[in-house]
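Asker: Here is my input; please provide its structure:
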Amino acid sequence: MYKRLAEVRAEADVKAVEAELHDRYGTPPPEVLNLIEVARFRLLARSTGLTDIVGQGRFIRFAPARLPESRVLRLQRLYPGGVVKAAVGSVLVPRPMSAAVAGQPLKDTDLLGWGTEVIKQVFSNS
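Answerer: You can find the predicted model right below:
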């Protein structure tokens, strides 16, 4: 199932794997549901041309990324401190924290949800 999830190319593929898991094993545990959400995240990233989303110090780097001026302005408005590195084709977005003061970096499903919103708000055409 890991291999099938890694090879999905459309939401229909994710739903098919999810249905098969449910049929075979019953209601999936949270860890399996998280893997399914990672597959959905990868699909979304691919649909916008992103192939590299990684932590880089205090930032999350999205690449390759070429943003028109309107998207750069949106990035700066929604994610203050975001940096466009046009020369290397990447965008750095400040790593999200659980609170503005004394917060911890988001991780796991919270980070995945945040990343999904960044892609939808800054990189997606829809």
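Asker: and the longest helix belonging to the chain, how far from the chain's centre?
Answerer: Ranked by residue count, the top helix of the chain under DSSP state H comes out as helix 30-47. In terms of CA atoms, centre = their mean, to the nearest Å, the centre of helix 30-47 is set 8 Å apart from its chain centre.
Asker: for stretch 89-97, same thing?
Answerer: Averaging C-alpha coordinates over stretch 89-97 and over its chain gives two centres that are 12 Å apart (CA atoms, centre = their mean).
Asker: Now do the end-to-end distance for that stretch.
Answerer: The straight-line separation of the ends of stretch 89-97 (CA to CA, to the nearest Å) is 25 Å.
Asker: what's the answer for stretch 93-108, then?
Answerer: For stretch 93-108, the first and last residues are 17 Å from each other (CA to CA).
Asker: do stretch 55-71 as well
Answerer: 21 Å.
Asker: So for it, what gets flagged as buried?
Answerer: For stretch 55-71, the neighbour count (16 or more other CB atoms under 10 Å) marks 59-63, 65, 67, 71 as buried. All C-beta spots, glycine's among them, are computed from the backbone N, C-alpha and C.
Asker: Can you flag which of these belong to strands?
Answerer: Using DSSP state E, the members of the buried residues of stretch 55-71 that fall in strands are 59-63.
Asker: what's the farthest-apart pair in these?
Answerer: The widest separation within those, taken as CB to CB, falls between Phe59 and Ala63 and amounts to 11.6 Å.
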